[in-house]
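S.K.: take this sequence and fold it.
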Amino acid sequence: MWKTVGQDHLIRQISASLQAGRVGHAYLLVGPPHVGKMTLAMDLAAAVNCRGEENQHDGPCGRCEQCARVSRGVHADVSVVAVGGDSQTPTRISIRQVREAENFLSITPVEGGWKVIILDGAETLSAGQSESANALLKTLEEPPERALLLLLSSAEEAILPTIRSRCRILGLRPMSGELLAEFLITEHGAESAYALWLSRLARGCPGWAINALKDPTVLERRTALVDDIAEPGSSPLDDRFSYANTLAGGFANDRESVRQTLYLWQSWWRDVLLVREGVSQHVQNSDRRADLESLAAATSSHLVVPFLRRIQETLAALDANANPRLALESLMLDVPAA
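M.R.: Down below sits the predicted model:
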């Protein structure tokens with residue numbers, strides 16, 4: 001009864017540990033946004049607390065009261081700590097939140113058999129606040145009995161090595177387009193061609209595709225972002241810097257939104273390169289094929305390839321707490337010009 005999809009390699013690994021009674025005290029779940037990290041974390045929280053009579057102890061049964069309460073988010077021994085939970089530090093997990101998590105873990109389970117803390121956005125522990133990371137490190141070194149820490153991150157390289165080394169790392173992979181499309185069709189009733197298109201836009205991440213199916217504004221926001229991305233190459237430098245400054249201004253309050261915008265930049269220029277090289281059947285932004293073909297005809301591949309590298313370098317710089325305005329303005333200088 002695992003709700004996690006597309007991660008069979010991890011389910012097999014975790015099921016074997018559960019069955020053998022060798023559950024680790026800390027796991028680092030890493031992968032792209034919306035790939036299913038929180039779903040897997042909830043599955044793990046349910047699995048260690050599951051009391052189903054028919055459970056083979058290799059995963060959650062999905063039917064007992066323990067599993068149901070974890071699924072509804074009301075289990076007394078499972079707590080989610082997320083970025084924004086402290087109004088004084090809205091862009092990261094604060095030292096206060098870590099201290100509260102430590103107190104939570106120190107209390108004997110009152111409902112299930114395990115206390116579980118899920119830290120969503122674990123990479124922010126290193127963002128200019130070593131106290132939070134150090135406090136968590138102490139808990140990782142001396143974990144309470146029957147306590148499980150699940151760290152979720154879309155930027156593994158931003159996690160301190162001392163924290164990574166004390167966790168079992170579970171790497172979540174994007175699903176193949178065909179598998180994700182099939183999932184959207186069979187589990188969510190999507191029409192075949194639409195499901196395939198969404199699976200390409202989602203880059204193999206089921207959470208984004210499901211959100212897009214349920215909420216039309218997800219695709220509306222994506223269209224607005226693509227409109228902005230399609231312009232800068234032919235825009236004056238002042239306009240590109242203005243765009244960079246707008247992104248940088250939002251970075252302090254919503255780091256992940258800026259990261260997602262840069263991922264969209266990546267997919268756009270990857271598509272330009274694919275069209276340029278004659279393999280347009282693999283483009284993700286297929287609804288903008290005319291724009292892609294026009295840009296590909298006017299742009300050289302030897303400019304696009306290094307720019308794709310520059311986007312990746314900018315993402316890494318932002319994760320390493322570089323000045324966002326300087327990093328993004330520098331990126332705008334390298335946008336391939338038609």
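S.K.: the stretch 151-300 of the chain: strands as residue ranges?
M.R.: 168-171 (DSSP state E, counting those that start in this stretch).
S.K.: any weak-confidence spans in it?
M.R.: For the stretch 151-300 of the chain, the stretches with pLDDT under 70 are 232-234.
S.K.: name the nearest residue to residue 177, sequence neighbours excluded.
M.R.: residue 199 (4.5 Å; Cβ to Cβ, 6 or more residues apart in numbering). Just so you know, the C-beta spots here come from the backbone N, C-alpha and C atoms, and that holds for glycine as well.
S.K.: wait, that neighbour touches residue 184, no?
M.R.: Yes - contact criterion Cβ atoms under 8 Å: residue 199 and residue 184 qualify, at 6.7 Å.
S.K.: settle it for me: which of those two has more neighbours?
M.R.: residue 199 (28 against 24; other Cβ atoms under 10 Å).
S.K.: between residue 199 and residue 184, which contacts overlap?
M.R.: Contact with both residue 199 and residue 184 is made by residues residue 209, according to Cβ atoms under 8 Å, 6 or more residues apart in numbering.
S.K.: state the pLDDT value of residue 308.
M.R.: We have a pLDDT of 96 for residue 308.
S.K.: what's the closest non-adjacent residue to it?
M.R.: Leaving aside its chain neighbours, residue 308 sits nearest to residue 269 (5.6 Å; criterion: Cβ to Cβ, 6+ apart).
S.K.: over to residue 188?
M.R.: Using Cβ to Cβ, 6+ apart and skipping the chain neighbours, the partner closest in space to residue 188 is residue 213 (5.7 Å).
S.K.: number of residues surrounding that neighbour?
M.R.: Using other Cβ under 10 Å, residue 213 is surrounded by 17 other residues.
S.K.: from residue 38, how far off is it?
M.R.: Note on residue 213: its distance to residue 38, by Cβ to Cβ, to the nearest Å, is 18 Å.
S.K.: ok, now residue 158?
M.R.: Distance from residue 158 to residue 38, by Cβ to Cβ: 18 Å.
S.K.: can you check residue 70 too?
M.R.: Using Cβ to Cβ, which is the criterion applied here, residue 70 is 12 Å from residue 38.
S.K.: and these two? Which one has more around it.
M.R.: In this view residue 70 and residue 38 are compared by other Cβ under 10 Å, and residue 70 has more residues nearby, 27 against 18.
S.K.: how far is the strand or helix carrying that one from where the chain is centred?
M.R.: Taking DSSP states H and E as the definition, one finds residue 70 inside helix 65-72. Remark: helix 65-72 is offset 24 Å from the chain centroid, using Cα atoms, centre = their mean, to the nearest Å.
S.K.: ok, now stretch 137-146?
M.R.: 25 Å.
S.K.: buried residues in it?
M.R.: 137, 139, 140, 143, 146 (16 or more other Cβ atoms under 10 Å).
S.K.: now stretch 50-61
M.R.: By 16+ other Cβ under 10 Å, the buried positions in stretch 50-61 come out as 50, 52, 55, 58, 59, 60, 61.
S.K.: now, the most widely separated pair of the residues you listed?
M.R.: Using Cβ to Cβ, the two most remote members of the buried residues of stretch 50-61 are 52 and 58, lying 11.5 Å apart.
S.K.: show me the domain layout of the protein.
M.R.: For the chain, the structural domains run 8-171, 215-333, going by automatic domain parsing.
S.K.: from start to finish, how long is the longest one in a straight line?
M.R.: In terms of Cα to Cα, to the nearest Å, the two terminal residues of domain 8-171 are separated by 11 Å.
S.K.: and the biggest helix by length in the chain, what's buried?
M.R.: Counting by DSSP state H, the longest helix found in the chain is helix 255-276. Within helix 255-276, the residues that count as buried by 16+ other Cβ under 10 Å are 255, 258-276.
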